[in-house]
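Enquirer: Task: produce atomic coordinates for the following.
(2 chains)
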2 protein chains.
Amino acid sequence: MRTQYCGDLSSQHIGQEVVLCGWVQRRRDHGGVIFIDLRDREGLVQVVFDPDRPEVFKRAEQVRSEYVLKITGRVRARPAGTANPDLATGEIEVLGADLEILNTAETPPIHLDSHAADASEELRLRYRYLDLRRPEMQARLRTRSRVTQVMRRFLDAHGFLDIETPILTKSTPEGARDYLVPSRTHPGEFFALPQSPQLFKQLLMMSGFDRYYQIARCFRDEDLRADRQPEFTQLDLEVSFMDEDELMGLMEALIRELFRAVIGVELPDPFPRLTYAEAMRRFGSDRPDLRIPLELIDVADLMAGVEFQVFAGPAADPEGRVVALRLPKGGALSRKEIDGYTQFVGIYGAKGLAYIKVNEWTTKGREGLQSPILKFLPDATVAGIMSRTGAVDGDLIFFGADKARVVNESMGALRVKLGQELGLLDGEWRPLWVVDFPLFERDPVNGRWVALHHPFTAPKEEHLGLLESDPGACLSRAYDMVLNGTELGGGSIRIHRDAVQRQVFKLLNISDEQAEERFGFLLKALRFGCPPHGGLAFGLDRLVMLMTGASSIRDVMAFPKTQTAACLLTDAPSTVDEAQLKELSLRLRTRA
Amino acid sequence: MRTQYCGDLSSQHIGQEVVLCGWVQRRRDHGGVIFIDLRDREGLVQVVFDPDRPEVFKRAEQVRSEYVLKITGRVRARPAGTANPDLATGEIEVLGADLEILNTAETPPIHLDSHAADASEELRLRYRYLDLRRPEMQARLRTRSRVTQVMRRFLDAHGFLDIETPILTKSTPEGARDYLVPSRTHPGEFFALPQSPQLFKQLLMMSGFDRYYQIARCFRDEDLRADRQPEFTQLDLEVSFMDEDELMGLMEALIRELFRAVIGVELPDPFPRLTYAEAMRRFGSDRPDLRIPLELIDVADLMAGVEFQVFAGPAADPEGRVVALRLPKGGALSRKEIDGYTQFVGIYGAKGLAYIKVNEWTTKGREGLQSPILKFLPDATVAGIMSRTGAVDGDLIFFGADKARVVNESMGALRVKLGQELGLLDGEWRPLWVVDFPLFERDPVNGRWVALHHPFTAPKEEHLGLLESDPGACLSRAYDMVLNGTELGGGSIRIHRDAVQRQVFKLLNISDEQAEERFGFLLKALRFGCPPHGGLAFGLDRLVMLMTGASSIRDVMAFPKTQTAACLLTDAPSTVDEAQLKELSLRLRTRA
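Expert: Model (predicted):
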């Protein structure tokens, strides 16, 4: 119907007759002339209607916001002095010769101008088709489409096959709650929607496909804290006969290509690698935001002797940790701000937030420090802290002392909060790999071993013996890719030997019977010539969110759900007929 | 780990040292030497182990079928006279220098040689990871991957955006049974898995995306007659501001590109188009297999006067039809064969299958015909039939006479069966479009109007008035693409005006209240500036099945389900804990 997109017109089209289709962004009547800003997915263009064609002019007068028009006209340069530099098509306009109203529109409940983002999210989700007309949302979903396009081309070029795995399947081992689907043909039985294609992709390696990928929908029926969605998308892949170094190299190359092709950003080559131990030590987190130039510094040795039990206790506890966090120029923080941070670390279980303000250390020494805890610290400890942290006048030093888990979580989070609130972010894109994860960690409640990743993650070959003697010391062949404090993706080399898989299940307190019931088909497949294999999954929603600078994954999905897992647009979920339930052999449970 | 794939080796690698990884297809010990056929996804290569490296030779002796090996060796030409022309790598072999057993294998329950396809489908599905190792299955899934790759590239190049729509959603209007997903956060409510993204893709057009596509998973809880699967995949697309001619042209170009790029076949340009009326008239079907050179020929006018009520009745009935189907050289059919076809048309409700054998018409006239019904037919009728069908000596003419629906279904099916069984298929690929469908048809049971496609299909503009005066005569803007008797895809220009949509709902006996409840969001969206739009969906599984020559869609899916919608590999569906049901506010209904 059209000859060009509105947004594609430029001065090179001057003199051409064009046919445009789109929506009315706005109409202005000025000096006896009608101006219509016509919008399509490529942008806006100004169309002018003169009164010398009365019939067309009359139609143009009826036009309201969001009417759908087909306009025929001739492109011309805007009169001198009226070019609009804010608009890509601002040098030209279209002199309208004909106008057809393809559809009318009621007054939209969301204004589609620059204030649209101010509309409540409830309104934006309910009228999603209007919200999505905004150029910002259009751009995000176009970027998403471009991201998967570049991913696919890279993987196609590297011999990966795109293979679909089932959505109606069996419970998978990620451990979150499954969405269930009742079976009509097998009364009383249920499918589960996959939390990931994990087991199927391993089966595809056992099937000899060598290199698999899929941009796969995954499902988790979680309580939607933070920025989660019931269904999400991951780039899921798996390869055979490749070790972790080669695979990580390939995945880095993919992400570099993606950033280069889609947003013109050059990421480092290679990505730095941190061991899990080092990441926890320096940043209190296994997904450190490397843009923030702050680090945790261990000072337990300096605190071991002090009389102040808040420090001395954790310093002497093998499971304890005592750290300092130097905040350059932090001396300017007010008491109220420090109280705020104290409250913040409390969320993570920290009982307090000790600090030292370094006012005039250079000239006055200890007298130049200001801190409620100073009185508990002998001179040598103070000197040691100052020297180890490298603090200078004007700085502030925070302290964390508790079980290592609490210190890492609270001080790691504080580090990020300080970095963000005080504008310390250095550079824009700081990817890294975290490697050498422990295979197991202890459940803090019952003390049992649980898998840090999932039970199919392979232990390092040289640590196989530790499975027997010291499982906690056994490191895995897992790797996580982290970007700016967000885990972009993670994976591992998998267990490909039946005996090792059984040993790991045993350590995880999964009985032979349970293993057989849940993963029997996988255990069986391991016995028929399973190749060494491994893989990775990237969270697509989060990746696109980072790349587009959106603040929520909801803003990079066309039709997201609310925090209570409902769709405001279609009003799903909804009730069903009794007859449908009967066919599924189900009854609603009446609430007590 | 490897330097090459086994199947990629050729005489150009002679002299090179290679590292190969793969599975043992078979091991033969012959003349003191061990031959191992090593297989990976690219093919097979023969590896030879001489006893002069005793340690390696010893390991080679342990090797059994489906063991996973890493082999280092040097490529050499096979000794003169031992080349294997049946094997792509048959001119060379690898002299093994080292061998590592990466994994062992129990004796597989499916033999992975040429007889594998003979294994029961039950066994093939249960050990799918073994079945998928067969080169035939590998090739099919690779073709599938290639098909989607070519589709995506074509659509990317034509400005389509790949946009994901929800899987957890509301019941859609296709009318088959939905799979339901109970919501935990909204007790007593359910999501439905989509039968297609129909409503969401229309909403995307209302959102201004202009050109959308998705390779989308769809779900139907149908009784699995024939070759259906509970979940299937379609290439789903929708465009704005494009009429049916332009869209059909683009879709043809896509399919031509696909056949050219993937299987090297040139399809006609343009595809022929048949109206629904002509397709029904000539072939008794709206998805005619044009490879079969047989047509139904209307003879009601010739039969109107005869005394034989079997013909005269339908000939006089406005809803009746009387046709002849000439089978060239059909005179050779035995009585038993004809009885078989009579039984066959009975499946479709035909009460019998009259025929005339044309033995010696040329020389003997009426005396040269042989038929139980001849006595009922006056000379003029016989002459008319002979002349209109163009029958010659040696032919056979079948007749169908009944309600048009029964004649079309039975004689259309007979045409296909004759074509297939008698080897009449002409040419390999005969695509076409069927257009000008009626918008409505009458439900044969209650006589109500039902949508031939779905209730969002637009009537032809020039037929809008017929909605009021004669709905049965109103043609739609729908189009189906048919290839060799299979519907590859179908779609339509949609209704973009609120008033027309309401009028159609009314004709379909959907009350305002029902419309509001089921499609309220769509009706509302129509009022806020909905552009003219239309689209299409191709069944990917069936398309790949045709392109690979597979006989079932199960053979082009990695992990299909059985006819009772179960996965034999993972044993899904399965029972769940009472606690899970409780969380979902559900109880199992005990069977009476």
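
Enquirer: quick one, strands of the stretch 51-200 of chain A?
Expert: Listed from the start of the chain, the stretch 51-200 of chain A has strands (DSSP state E, counting those that start in this stretch) covering A:68-77, A:92-103, A:161-162, A:180-182, A:190-192.

Enquirer: List the contacts of stretch A:491-508.
Expert: By CB atoms under 8 Å, 6 or more residues apart in numbering or on different chains, the surrounding residues in contact with stretch A:491-508 are A:202, A:243-244, A:247, A:439-440, A:448-451, A:453, A:455-459, A:464, A:467-468, A:471, A:476-479, A:512, A:515, A:522-523, A:526-527, A:530-537, B:102-103. Glycine gets a C-beta too; all of them are placed from N, C-alpha and C.

Enquirer: Can I take it that A:Val19 is in a strand?
Expert: Yes - residue state for A:Val19 (DSSP: H, G, I helix; E, B strand; the rest coil) corresponds to a strand.

Enquirer: tell me, how many neighbours does A:Glu121 end up with?
Expert: Summarising burial for A:Glu121: neighbours were counted as other CB atoms under 10 Å in any protein chain shown, giving 16.

Enquirer: Can you give me the end-to-end span of stretch A:374-393?
Expert: 16 Å (CA to CA, to the nearest Å).

Enquirer: correction: stretch A:168-180
Expert: Between the start and the finish of stretch A:168-180 there is a gap of 9 Å, counting by CA to CA.

Enquirer: can you pull the buried residues of that stretch?
Expert: When neighbours are counted by 16 or more other CB atoms under 10 Å in any protein chain shown, the buried residues of stretch A:168-180 are found to be A:168-173, A:177-180.

Enquirer: Considering only those, which also neighbour chain B?
Expert: Among the buried residues of stretch A:168-180, the residues that sit close to chain B (CB under 8 Å from any CB of the partner chain) are A:168-171, A:177-180.

Enquirer: you'd agree A:Val544 is up against A:Ser145?
Expert: No - counting by CB atoms under 8 Å, A:Ser145 is not a contact partner of A:Val544; they are 9.6 Å apart.

Enquirer: And these two? Which one has more around it.
Expert: Set side by side, A:Val544 and A:Ser145 give different neighbour counts by other CB under 10 Å, the larger being at A:Val544 (24 against 21).

Enquirer: so where is chain A shaky, pLDDT-wise?
Expert: A:114-117, A:172-174, A:591-592 (pLDDT under 70).

Enquirer: pull the longest helix from it.
Expert: In terms of residue count, the longest helix belonging to chain A (DSSP state H) is helix A:135-157.

Enquirer: That helix near chain B anywhere?
Expert: Yes - using CB under 8 Å from any CB as the criterion, contacts between helix A:135-157 and chain B involve A:138, A:141-142, A:144-145, A:148-149, A:152, A:156.

Enquirer: can you list the residues of the stretch 201-350 of chain A near chain B?
Expert: Where proximity means CB under 8 Å from any CB, the interface of the stretch 201-350 of chain A facing chain B comprises A:203-204, A:206-210, A:217, A:219, A:221, A:230-231, A:233, A:240-243.

Enquirer: hang on, the earlier thing: packing partners of the longest helix of chain A?
Expert: The contact analysis (3 or more CB pairs under 8 Å, 6 or more residues apart in numbering or on different chains; DSSP states H and E) places helix A:135-157 against strand A:161-162, strand A:211-219, strand A:231-240, helix A:244-263, helix A:540-548, helix B:135-157, strand B:161-162.

Enquirer: And the fourth one, how far out from the chain middle?
Expert: Between the centre of helix A:244-263 and the centre of its chain there are 17 Å (CA atoms, centre = their mean, to the nearest Å).
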